[in-house]
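Peer 1: this is a predicted model, with the sequence first.
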Amino acid sequence: MLKERARLISRLLFFSDILVIIISFILAYLIREVFFYEKFGDLFPLSQYLQLIPVVIFVWGFHLYFLKLYKSYRMISLFREFWDLFKATFCSGLFLILFIFALKYHFVSRLFIGSFLVITFILLCMERGIIRLFARSVRRKGINYRNLLIVGTNRRALNLAKKIKENPHWGLRVEGFIDKDPYLVGEHKDGIKVIGTLENVAQVLRERVIDEVIFSVPRKWLDEIEHAIHICEELGIQVRVAVDLYNPVIGRMSLGDLEGIPILTLSTTPQNMKQLFIKRIFDILISLVALILISPVLLATTIAISIDSSGPILFRQKRVGLNGRTFTFYKFRSMVRDAEEARKEIEHLNEMSGPVFKIKNDPRLSRVGRFIRKYSIDELPQLFNVLKGDMSLVGIRPPIPEEVKKYEGWQRRRLSMKPGITCIWQVSGRNKVDFDQWMKMDLSYIDNWSLKFDFKLLLKTIPAVLSTKGAM
């Protein structure tokens, strides 16, 4: 019954979103036609623009569903929901622009597209905000609540109950605790009563309205809760298990299955496949567009390097990527021929701590090389590495194999995520940062990764490059 109601609410919300998107489409057309008529002239007829409506509905519907905007948002902040709506609007907008470009729909006004995206995002946020306020006001009156039964009275169970009590807008209510000790029945734990034991859990479930049972038990109870879980299955009551196996220091635990075999996964890297997929799509689109836009710079740099000194235009080097995979790394050549062979003669001039080798006034740099290093122009060919999938726009800088061999154990964890062109180190002074601090910055990036964080780092990279801060 609850699942059917959840599906119905999701469908109603989907149709509400589509209605809002269509209204935004028409509003954007009217705003462009009424307020910008004198400056930009007439638009093509609305009937011609309406050809885009099926595409708009499909693209927005796909991204809203793909980003799970129809799951329960009871326990998720309003900001998080708005951020998800922004991602859906941004991705949909990119696909819509590509569709218009591919089909050469020259009649579509760029001002209309921009207005449509802004209006859509604002109206979707307003719609979700109103729905959230309505749902919370309903729950405050005791309607639309899910009743929970918590099995266990350990620290984690009590913390769970406390959080539920502190957040009534989640629409959850703890009916009571279950413990295996019969002497605890009737006692109160943080104001919530112990109403039964593992032996009589079936009786409790039949006598009370329970929507969900959460097992928060110590590991020594594992053999004793199986019967209670089977009773919940028999009665059609949803079960969640929060087992105190151990407390990982860095990794995050998740439960999945391998061909029907339950697998508990411990991961120290981001595992949100939807966000990682979006990150890869952004990498492809942005690097492709960037390569087209900067093609005159690439051409001019190629000519300048070939005139300035003999040797190949591109510098190719083996670098270490995701989980130790090696790949060919591309940069514009900024040094004279045979610079790698001459390194041994100047290793005593190294200005970086740890296994990294960098010199501010490297004597091996060519005249053009000094300029393109200063403004990070030498890094531009790495966009081809991004297109190939060896690198990302944002991520830890890829080391050379010789450096990796000298890593301490904790430093190798930086290889657990795909390397990138820019990172925290890149926008924090680059070579002014010592090696250990650099490694800690990379691990901080991995532990706190999100699409929002990537976007912030990309924006910070622009002034960092223009200011030549820490460049060598």
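Peer 2: Looks like it came in fine. Residues are numbered from 1 along each chain as shown.

Peer 1: in the protein, which spans are strands?
Peer 2: Assigned by DSSP state E, the strands in the chain fall at 146-151, 172-179, 188-189, 192-197, 212-218, 238-244, 252-258, 261-267, 314-320, 326-332, 392-394, 420-422.

Peer 1: could those go into a markdown table alongside distance to Ser109 and mean pLDDT?
Peer 2: Every C-beta, even on glycine, is put in place using the N, C-alpha and C of the backbone. Shown next, in a markdown table, are these (distance: least, Cβ to Cβ, whole Å; pLDDT from 0 to 100):
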| stretch | distance to Ser109 | mean pLDDT |
| --- | --- | --- |
| strand 146-151 | 47 | 87 |
| strand 172-179 | 48 | 88 |
| strand 188-189 | 63 | 88 |
| strand 192-197 | 59 | 90 |
| strand 212-218 | 51 | 84 |
| strand 238-244 | 50 | 73 |
| strand 252-258 | 46 | 57 |
| strand 261-267 | 46 | 55 |
| strand 314-320 | 41 | 91 |
| strand 326-332 | 39 | 92 |
| strand 392-394 | 30 | 93 |
| strand 420-422 | 34 | 90 |
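
Peer 1: nearest to Lys456, of those strands?
Peer 2: In terms of Cβ to Cβ, the element of the strands of the chain nearest to Lys456 is strand 392-394, at 9.3 Å.

Peer 1: I'd like to know which elements the closest one is packed against.
Peer 2: Under the contact criterion of 3 or more Cβ pairs under 8 Å, 6 or more residues apart in numbering; DSSP states H and E, strand 392-394 touches helix 273-293, strand 420-422, helix 451-466.

Peer 1: do that again at 6 Å, thanks
Peer 2: Strand 392-394 is packed against strand 420-422, with contacts defined by 3 or more Cβ pairs under 6 Å, 6 or more residues apart in numbering; DSSP states H and E.

Peer 1: thinking again about what came up before, need the strands of the chain in a markdown table (columns: distance to Phe95).
Peer 2: Formatted as a markdown table, the strands of the chain follow (distance: least, Cβ to Cβ, whole Å):
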| stretch | distance to Phe95 |
| --- | --- |
| strand 146-151 | 36 |
| strand 172-179 | 37 |
| strand 188-189 | 52 |
| strand 192-197 | 49 |
| strand 212-218 | 38 |
| strand 238-244 | 36 |
| strand 252-258 | 30 |
| strand 261-267 | 30 |
| strand 314-320 | 32 |
| strand 326-332 | 29 |
| strand 392-394 | 19 |
| strand 420-422 | 24 |
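
Peer 1: what's the burial count for Gly236?
Peer 2: Counted with other Cβ atoms under 10 Å, residues neighbouring Gly236 total 9.

Peer 1: quick check: it vs Asp211, distance?
Peer 2: 10 Å (Cβ to Cβ, to the nearest Å).

Peer 1: okay, now the domains of this structure?
Peer 2: 2-140, 146-247, 273-466 (automatic domain parsing).

Peer 1: thinking again about what came up before, relative to Ile294, which of the strands of the chain is closest?
Peer 2: Smallest distance to Ile294 across these (Cβ to Cβ): 12.0 Å, for strand 326-332.

Peer 1: just checking, what packs against the closest one?
Peer 2: strand 314-320.

Peer 1: switch the cut-off to 7 Å
Peer 2: strand 314-320, helix 382-388 (3 or more Cβ pairs under 7 Å, 6 or more residues apart in numbering; DSSP states H and E).

Peer 1: how about low-confidence regions in the stretch 301-450 of the chain?
Peer 2: Regions of the stretch 301-450 of the chain meeting the criterion pLDDT under 70 cover residues 338-361, 428-433.
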